[in-house]
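Peer 1: quick one, what's the 3D model for this:
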Amino acid sequence: MSVLRDAFRELAEDAPEVRPPAGLYAAARRRRRERRAAAALLALAVLAVAVLIGWPRPGPERFGGDSAGLPDHLVLPSWDTATVHDSPAGPAAVAYSLGERNVQSDDEDFRIFSWWRHGHTVSSTTVVGLHEDVYRIARGGYTTGVDLSPDGRFLMVGGEALDLSTGRTRALPKLTGPRPQAGPSSTPYYGYGGVTTWSPEGTRVVVVDQSRVAVAGWPSGRIEWNATFPYQNYIGDAVIPEDGSAVALTLDDEIVVLNRDGTRRWSRSKHEPWLVSGRAAWRPDGRLVGLTREVNGPYRLAALDGATGAPVDIGAYPPVSAAMGMEVVAWRGDVAYAIVRHAVPGIYTQDEIPFPELVRLVPGAAAPEVVLKPPAGTEQLAVATVFVDARRATGAPEFGVNFYEYLGRGLNWACCPVVLIGFLVMVRKTVRWSTQV
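Peer 2: Prediction:
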């Protein structure tokens, strides 16, 4: 063996020196870290895809029962409340919003902080179940709004109808004809100012912009009629009768009733003390109900003949004081239900904000009766008007679980130490380089 060992030694002494490339070990360590990071990112991506796919959405037949009605009271949802998009809970009895302070509302300027949410909505809406106290968050468009269908099934969101039973959206009927064009002395058309709303029974949808109106059946979406009118800078409200044969519009300086062929039935100056007031303003008996108000005085219900515009008697309803506005949303015989917006000081500023509540107006009563009051800070309120006179027992609220909120906020917080460590490492390298130079 000694001869063989000596031979190998001589061979090694004659062989050229082999040196490892510079940075070989550092490169190996770097590749190992990269492989581990790639594996972690792959696992995270698989988890994210699994969450995005989610669970099968329930069909509308899941939601039903004989206990449909408005709850006795409402609460504020938690920050991690599930959304209608990911976990629909069926038709809603109530929709309300605290504006930009509603949970899961995005910051108006720093959209990147809520990257995990669907779209960019600065004012979300809370919906409460029709059959039980299930709370969900609805998001869509710049502001979601509370335009709830009379049966509580749909919520108008950003030009679409969000189905609260499936979490999916349906397109609303589109206006036909040329887009509105401002006249020589009018403010140019900027694409805003339109109105989309439901008929009192929820069987029709009214779509209006600054010179066009369309009435369509719902849920078919089939256009029943459309018409045009002279360009208007402002569209305030749109109301149709039970048969859908006309529409009353609040325009720049007047209230006008248009027939389905576009001809003007009658008009009334908006400067007169009378205003259209809500989707149920046109009663089945043909009277068009509005509001009268003296300067700094209470609101009172009044009525006009829908066919001629002449004042008609409606009875002595209680006055509504300290209100910024009021909308009649339903009738039960001669009893009116209305959303009243009271003026209250802002939470963060001294500016007055509207605080809404649902009231019942009974002829001959001394004052309105409060039916439903939302949580403090609420700016918008709507109810499923088909069930406006039905109440159900209120149980423990169920908010669901929003995995996106946990995932997004968790990753945001996890990035903070990573960014800090990266900054410190960069500073350390910079200091070391400066001292070497």
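Peer 1: just the CA trace of stretch 13-33, in PDB.
Peer 2: In PDB, the C-alpha atoms belonging to stretch 13-33 read as follows (Å, rounded to 0.1, in the frame of the first residue of the first chain):
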ATOM      1  CA  GLU A  13       2.300  17.100  -6.300                       C
ATOM      2  CA  ASP A  14       2.700  17.300 -10.100                       C
ATOM      3  CA  ALA A  15      -1.000  18.200 -10.700                       C
ATOM      4  CA  PRO A  16      -1.900  22.000 -11.100                       C
ATOM      5  CA  GLU A  17      -3.500  23.800  -8.200                       C
ATOM      6  CA  VAL A  18      -7.300  24.000  -8.400                       C
ATOM      7  CA  ARG A  19      -8.900  26.900  -6.500                       C
ATOM      8  CA  PRO A  20     -12.700  27.300  -6.000                       C
ATOM      9  CA  PRO A  21     -14.300  30.300  -7.800                       C
ATOM     10  CA  ALA A  22     -14.500  33.500  -5.800                       C
ATOM     11  CA  GLY A  23     -17.800  33.700  -4.000                       C
ATOM     12  CA  LEU A  24     -18.700  30.100  -4.500                       C
ATOM     13  CA  TYR A  25     -19.900  29.500  -1.000                       C
ATOM     14  CA  ALA A  26     -21.800  32.800  -0.900                       C
ATOM     15  CA  ALA A  27     -23.500  32.000  -4.100                       C
ATOM     16  CA  ALA A  28     -24.500  28.600  -2.800                       C
ATOM     17  CA  ARG A  29     -26.000  30.100   0.300                       C
ATOM     18  CA  ARG A  30     -27.800  32.700  -1.700                       C
ATOM     19  CA  ARG A  31     -29.300  30.100  -4.000                       C
ATOM     20  CA  ARG A  32     -30.500  28.100  -1.000                       C
ATOM     21  CA  ARG A  33     -32.200  31.100   0.400                       C
END
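Peer 1: what's near enough to touch I235?
Peer 2: By CB atoms under 8 Å, 6 or more residues apart in numbering, the residues touching I235 are G193, G194, V195, V208, D209, Q210, L249, T250, L251. Quick note: C-beta positions are derived from backbone N, CA and C, even for glycine.
Peer 1: same deal with E201?
Peer 2: Residues near E201 by CB under 8 Å, 6+ apart: P150, E242.
Peer 1: please renumber so the chain begins at 180
Peer 2: Sure thing, new numbering starts at 180, so read that last one as E380.
Peer 1: restricted to helices, list the contacts of I414.
Peer 2: Residues of these located in helices (DSSP state H): none.
Peer 1: which pair of the residues you listed spans the longest distance?
Peer 2: D388 and T429 (13.9 Å; CB to CB).
Peer 1: can you get me a residue count around R383?
Peer 2: Neighbour count of R383, defined by other CB atoms under 10 Å: 20.
Peer 1: and V507, bridged to which residues?
Peer 2: In this entry, V507 is beta-bridged to A517, by DSSP bridges.
Peer 1: ok, now how distant is it from S390?
Peer 2: Going from V507 to S390 by CB to CB, to the nearest Å gives 27 Å.
Peer 1: and this protein, what are its domains?
Peer 2: Taking automatic domain parsing as the criterion, the chain consists of the domains 203-232, 582-616.
Peer 1: using JSON lines, lay out the contacts of I414 together with distance to A502.
Peer 2: What follows is the contacts of I414, written out as JSON lines (distance: CB to CB, whole Å):
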{"residue": "G372", "distance to A502": "24"}
{"residue": "G373", "distance to A502": "26"}
{"residue": "V374", "distance to A502": "21"}
{"residue": "V387", "distance to A502": "25"}
{"residue": "D388", "distance to A502": "29"}
{"residue": "Q389", "distance to A502": "28"}
{"residue": "L428", "distance to A502": "23"}
{"residue": "T429", "distance to A502": "18"}
{"residue": "L430", "distance to A502": "23"}
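Peer 1: can you tell me which of these end up in strands?
Peer 2: Assigned to strands by DSSP state E, the following of the contacts of I414 qualify: V374, V387, L428, T429.
Peer 1: would you agree A191 falls within a strand?
Peer 2: No: per DSSP: H, G, I helix; E, B strand; the rest coil, A191 lies outside any strand segment and is helix.
Peer 1: which pLDDT value belongs to it?
Peer 2: For A191, the pLDDT comes out at 70.
Peer 1: so which of the contacts of I414 is the closest to P547?
Peer 2: T429 (23.1 Å).
Peer 1: quick one: contacts for the closest residue in space to that closest one that isn't next to it in sequence?
Peer 2: Excluding the flanking residues, the one nearest T429 by CB to CB, 6 or more residues apart in numbering is G415, at 3.5 Å. With contact set as CB under 8 Å, 6+ apart, G415 has these partners: V374, L428, T429, L430, V455.
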